[in-house]
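# here are the coordinates; sequence isn't available:
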């Protein structure tokens, strides 16, 4: 190198990802590890983990997590490790999601991590009959009423917001994506994987979906220096629920609300379904978001259209 040549840019520092062994976490890790060192924390096994990813098979609530922060000195943390199991007890949800996240925030503060990205969900707004057509980031978080799994997510979101104001030295980003479709084992994808998809008679709400890989892109954009704040993340233009089901190649079965509610209660009691009764509101009322802020400030725009997003629920190949 001559004296006139600029010095090469230093490699970006390591990124620590909690919940890296989920399908979304593995997709993110495979995107990030080509450009920077990725450190994963998850108590599950990371099958097919790339050799240059440091995976620590531990519970992120344990003391070993603090040692990882001390030794690895990550410059960014991506928190995907939220428990969504609707059958877990309220105490288990709270211990894992809320108390565990509070510990993680303590480590980010103690070791002065410059960037924190928290994956929340647009579900924190809650599907309600009085919702406007599109909800902005300043809308109240009403999704936790009567639904333990969402109430914990609301609390995690609120903790992240509090941390944003309490520690301005850390660029905190909260992402609230709409219904994620893909290889993920979440409620929206599992719903569309059914051969016959039940709906509510007389209700055909407009819904928003997003391809799993577009969420990964949004997370990667959120890691850019200077990005901070709360961002709704949407996919292709909204569509009626009936159209989404049709695109998935499934048969729609409209049922009266009281009948479907009673059936879900019985099936839930005998562990024959993974859908709790409160989730019925998501196929009854509108809960759509405005993602203009993410487009303006993050440079985000979805790559996958509705057809691609819906097709992704049947792509169960290893990610």
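Looks like it came in fine. These figures come from a predicted structure and were not determined experimentally. Numbering: from 1, shown residues only.

# flag the shaky bits of the stretch 1-150 of the chain, pLDDT-wise.
Applying pLDDT under 70 to the stretch 1-150 of the chain flags residues 1-11, 84-90, 93, 146, 148.

# that one: helices as residue ranges?
When assigned using DSSP state H, counting those that start in this stretch, the helices of the stretch 1-150 of the chain occupy the ranges 23-32, 64-72, 90-93, 100-110, 148-166.

# adding mean neighbour count and distance to residue 196, write those out as JSON lines.
C-betas here are computed from N, CA, C, even on glycine. Supplementary listing: the helices of the stretch 1-150 of the chain in JSON lines, determined by neighbours: other CB atoms under 10 Å; distance: least, CB to CB, whole Å:
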{"stretch": "helix 23-32", "mean neighbour count": "22", "distance to residue 196": "25"}
{"stretch": "helix 64-72", "mean neighbour count": "15", "distance to residue 196": "44"}
{"stretch": "helix 90-93", "mean neighbour count": "14", "distance to residue 196": "30"}
{"stretch": "helix 100-110", "mean neighbour count": "18", "distance to residue 196": "38"}
{"stretch": "helix 148-166", "mean neighbour count": "19", "distance to residue 196": "25"}
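
# can you put those in TSV and add distance to residue 265?
Formatted as TSV, the helices of the stretch 1-150 of the chain follow (distance: least, CB to CB, whole Å):
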stretch	distance to residue 265
helix 23-32	30
helix 64-72	39
helix 90-93	18
helix 100-110	31
helix 148-166	16
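
# indicate which one of those is closest to residue 42.
helix 23-32 (7.0 Å; CB to CB).

# which elements pack onto the closest one?
Judged by 3 or more CB pairs under 8 Å, 6 or more residues apart in numbering; DSSP states H and E, the packing partners of helix 23-32 are strand 15-18, strand 38-41, helix 212-222.

# quick one, strands of the stretch 151-300 of the chain?
If DSSP state E, counting those that start in this stretch is used as the criterion, the strands of the stretch 151-300 of the chain fall at 171-177, 179-181, 196-200, 206-207, 209-211, 229-233, 239-240, 251-255.

# which one of these lies nearest to residue 131?
strand 206-207 (10.8 Å).

# what packs against that closest one?
strand 239-240, helix 241-247.

# most tightly packed of the ones you listed?
For the helices and strands packed on strand 206-207, ranked by mean neighbour count under the definition mean count of other CB atoms under 10 Å, the leader is helix 241-247 at a mean of 19.

# need the residues that contact it.
Outside of helix 241-247, the residues that reach it under the criterion CB atoms under 8 Å, 6 or more residues apart in numbering are 192, 197, 199, 204-207, 209, 239, 252, 283, 306-307, 310-311.

# got it, and stretch 271-288?
With contact meaning CB under 8 Å, 6+ apart, stretch 271-288 is reached by 86-87, 122-123, 125-129, 131, 133-135, 143, 146-147, 149-150, 178, 187, 190-191, 199-200, 203, 205-208, 234, 238, 241, 257, 260-261, 264-265, 267-268.

# and residue 211, how far is that from residue 284?
Using CB to CB, to the nearest Å, we find residue 211 at a distance of 24 Å from residue 284.

# show me which of those two is the more surrounded one.
Under the criterion of other CB atoms under 10 Å, the comparison of residue 211 against residue 284 puts residue 211 first, with 23 against 19.

# skip the chain neighbours and tell me the closest residue to the more buried one.
Computed as CB to CB, 6 or more residues apart in numbering, the closest residue to residue 211 that is not its neighbour in sequence is residue 304, at 3.6 Å.

# tell me which element that neighbour is part of?
Assessed by DSSP states H and E, residue 304 sits outside every helix and strand.

# my guess is it contacts residue 215. True?
No - here residue 304 lies out of contact with residue 215, judged by CB atoms under 8 Å, at a distance of 10.3 Å.

# those two: who's more crowded?
The residue with more neighbours, out of residue 304 and residue 215, is residue 215; 24 against 21, by other CB under 10 Å.

# what sits against that one?
For residue 215, the set of contacting residues under the criterion of CB under 8 Å, 6+ apart consists of 24, 119, 175, 177, 180, 233.

# and if you look at residue 151?
143-145.

# how does it look with 10 Å?
Contacts were defined as CB atoms under 10 Å, 6 or more residues apart in numbering; by that measure residue 151 touches 90, 93-94, 97-98, 124, 141, 143-145.

# drop anything exposed from the residues you listed.
Among those, those scoring as buried are 93-94, 97-98, 124, 141, 143-144 (criterion: 16 or more other CB atoms under 10 Å).

# what about residue 126, distance to residue 99?
24 Å.
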